[in-house]
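> Next input, structure requested:
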Amino acid sequence: MIRINLLEIRKAAPERSAKLTTESIGSIAAIAVIVLSIAFVAYRSFALSQQVTRLKEEVQAADEELAQLKDALRVIEEHKAKKAALRKRVDLISQLKRRQRVPVHLLDQVSRELPSFLWLEGLEERGGKVMVQGKATTYNAVSNFYNNLAGSPYFSEVTLGNTQRVTEGVSFRLSCSFSTPEDTDSDTSSDLAQNLGASPRS
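I've put the predicted structure just below:
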């Protein structure tokens, strides 16, 4: 006679169901982890892509601003160059005017200090230093010319050089310093055509 224990079969069936349920939960959890990982990677990739795009836009904006600054700097440099050129021209014109004014004023002042019986044969001015050579009929005229220059506010360091007797009377050389006055209101329209001839001083 064969006996079958159905109770044992019934007890074994629930154990298999429980085993299958645990495996299913584990698979679902693994799939969920994979899906979440993929979602996280996709999100990070999207975020990084957005950040890269934003950085590229910022770089482009910075490049455009740099180009504008370079243009502005170029314009400033051009203005500086033009200003420097204009200043050089102004300085040159002022220097030329000053050089033109000094000889005229110098000749006018020298002519005012010339005594009678004395005439000049040469006059040279360099950097405010004046060299004069001329002749006179007497030594007294040369002495008067020296004293007149020494007493003028425009002449200083008056030094009488070589003086000697010649056929016409006396030849002389004289050196001094000439200072241009700040206010040139003196009458420079006096007649210099007399070639440094007669003078009101004697």
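> element containing residue 124, please.
With secondary structure defined by DSSP states H and E, residue 124 is part of strand 118-126.
> Average pLDDT for the longest helix seen in the chain, rounded please.
Criterion DSSP state H: the longest helix present in the chain is helix 6-113. For helix 6-113, mean pLDDT is 77.
> who does that helix touch, helix- and strand-wise?
strand 118-126, strand 129-136, helix 139-150, strand 169-178 (3 or more CB pairs under 8 Å, 6 or more residues apart in numbering; DSSP states H and E). (C-beta placed from N, C-alpha, C; glycine too.)
> backbone phi and psi for residue 158, please?
phi -70, psi 120 (degrees, to the nearest 10).
> Could you tell me how many residues sit around it?
Using other CB atoms under 10 Å, residue 158 has 19 neighbouring residues.
> That one and residue 148 touch, don't they?
No - checked against CB atoms under 8 Å, the pair residue 158 and residue 148 is beyond contact range at 9.3 Å.
> tell me the centre residue of the chain?
In the chain, the residue lying closest to the centroid (CA atoms, centre = their mean) is residue 80, at 7.0 Å.
> Dump the helices and strands packed on helix 6-113 to TSV, plus mean pLDDT and mean neighbour count.
Converted to TSV, those look like this (pLDDT from 0 to 100; neighbours: other CB atoms under 10 Å):
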stretch	mean pLDDT	mean neighbour count
strand 118-126	90	14
strand 129-136	93	18
helix 139-150	95	19
strand 169-178	94	18
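> is it possible to export those to TSV including distance to residue 76?
Output for the helices and strands packed on helix 6-113, formatted as TSV (distance: least, CB to CB, whole Å):
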stretch	distance to residue 76
strand 118-126	41
strand 129-136	44
helix 139-150	53
strand 169-178	44
